[in-house]
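Visitor: coords please:
(one chain, ligands or ions: 1)
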Amino acid sequence: MTPASTTNPTSADVLSCRGVGVHRGDNAVVSDLTMTVRTGEWVALVGPNGAGKTSLLHAVAGLLPATGELRVDGHHPMALGRRALARVVALMPQRPVVPPGMSARHLIALGRTPYLGRFATESAADRDAVDHEIARLGLAGFADRPADQLSGGELQRCILARALCQQPRLLLLDEPTSALDIGHQQTVLDLVDELRAERGLTVLAAMHDLTLAAQYADRMVLLDQGRVVHDGPPADVLSAARLGATYGARVEVLDRPAGPAVVPIRATQPPHPRAAHRPDQLGGTR
Ligand SMILES: Nc1ncnc2c1ncn2[C@@H]1O[C@H](COP(=O)(O)OP(=O)(O)OP(=O)(O)O)[C@@H](O)[C@H]1O
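Guide: Residues are numbered from 1 along each chain as shown. Below you'll find the model as predicted:
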């Protein structure tokens, strides 16, 4: 089901897709996809492995060709020049490419490329923007280290800093918290949310953690095999029956004030509950 309000494009839409298709080789991995994302909205793209989330994000970022009508800020991504597109859309990829030996600071500064002058020299404003994002993401201690020697979570924050340096209107996040501990997950998502309020940033984020996604997203678009299965507020999209049908998962969905929480349920109880082995907690629960 797709509410009409999310499919009729208006001038307030940063992203509009109508009947969009994306191919990888001979395979259609996104088919007949219609959705819009309005200025300042946070839309979570969810769905099982291989559903087409990354492929759609790459098409929006102008990295993959798409059929149908795809508009970013009113333009087809591939019709905008690379520089113009990079000022509108920034992608935080799932698998960033890190040139060997490049320092974290240099990697982050690549986000300023669309703003550099004729001789590609950084201005004081560019350096300030980089310093600002480094400080904001708590990366000062890593900035001079080779980025390919950082931990997965440290690198993920550098890649987000690089995307924020682009000062985009539309931020595309591909599994932005997959390598982060729970504290950094909240820090990073809170930061992105603050930028929405401060700068009117629009966010389209592929996320596997449905509970976390539900806490930040205004809407969820559930994809399966390249097609939209449901588009709506998290509380409407996340039902145990729908997640069972789409992911083949056994879950319980708890209604909580901060948003629905999705709890996986084991098919069978463990044969020997751990508590039974603990002399201090025989048969106890916490
Ligand atoms: N470079 C490629 N060449 C051929 N097929 C590809 C390529 N990249 C992805 N695919 C296929 O396209 C389909 C969609 O992949 P995609 O990465 O967009 O899914 P996803 O929803 O982001 O998955 P995940 O949650 O596992 O990251 C999958 O079947 C995948 O195997």
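
Visitor: L64 in helix, strand or coil?
Guide: Per DSSP: H, G, I helix; E, B strand; the rest coil, the secondary structure class of L64 is coil.

Visitor: my read: it touches S55, true?
Guide: Yes. With contact defined as CB atoms under 8 Å, L64 and S55 form a contacting pair (6.3 Å). All C-beta atoms are positioned from the backbone trio N, CA, C, and that covers glycine.

Visitor: overlap in contacts, these two.
Guide: Jointly contacting L64 and S55 under the rule CB atoms under 8 Å, 6 or more residues apart in numbering are 22, 24.

Visitor: show me which of these two is the more surrounded one.
Guide: Between L64 and S55, counted using other CB atoms under 10 Å, S55 has the larger neighbour count: 23 against 19.

Visitor: what residues of stretch 231-240 count as buried?
Guide: Within stretch 231-240, the residues that qualify as buried by neighbour count (16 or more other CB atoms under 10 Å) are 231-232, 234, 237-238.

Visitor: nearest to V262, of those residues?
Guide: V262 lies nearest to L238 out of the buried residues of stretch 231-240, by CB to CB, at 6.1 Å.

Visitor: can you list the residues of this structure near the ligand?
Guide: For the chain, the residues in contact with the ligand under the definition CB under 6 Å from any ligand atom are 24-25, 29, 47, 49-55, 206.

Visitor: now rank the residues you listed by neighbours and give me the top one.
Guide: Top of the residues of the chain next to the ligand by neighbour number is K53, holding 27 neighbours under the definition other CB under 10 Å.

Visitor: for the closest residue to it other than its chain neighbours, grab phi and psi.
Guide: The spatial neighbour of K53 that comes closest, neighbours along the chain excluded (CB to CB, 6 or more residues apart in numbering), is A206 at 3.9 Å. Taking degrees, to the nearest 10, you get phi -80, psi 120 for the backbone angles of A206.

Visitor: same check, this time on the one 10 residues further on
Guide: With angles defined as degrees, to the nearest 10, Y216 sits at phi -110, psi -30.

Visitor: stretch 108-124 - what's its average pLDDT?
Guide: Taken as a whole, stretch 108-124 has a mean pLDDT of 84.
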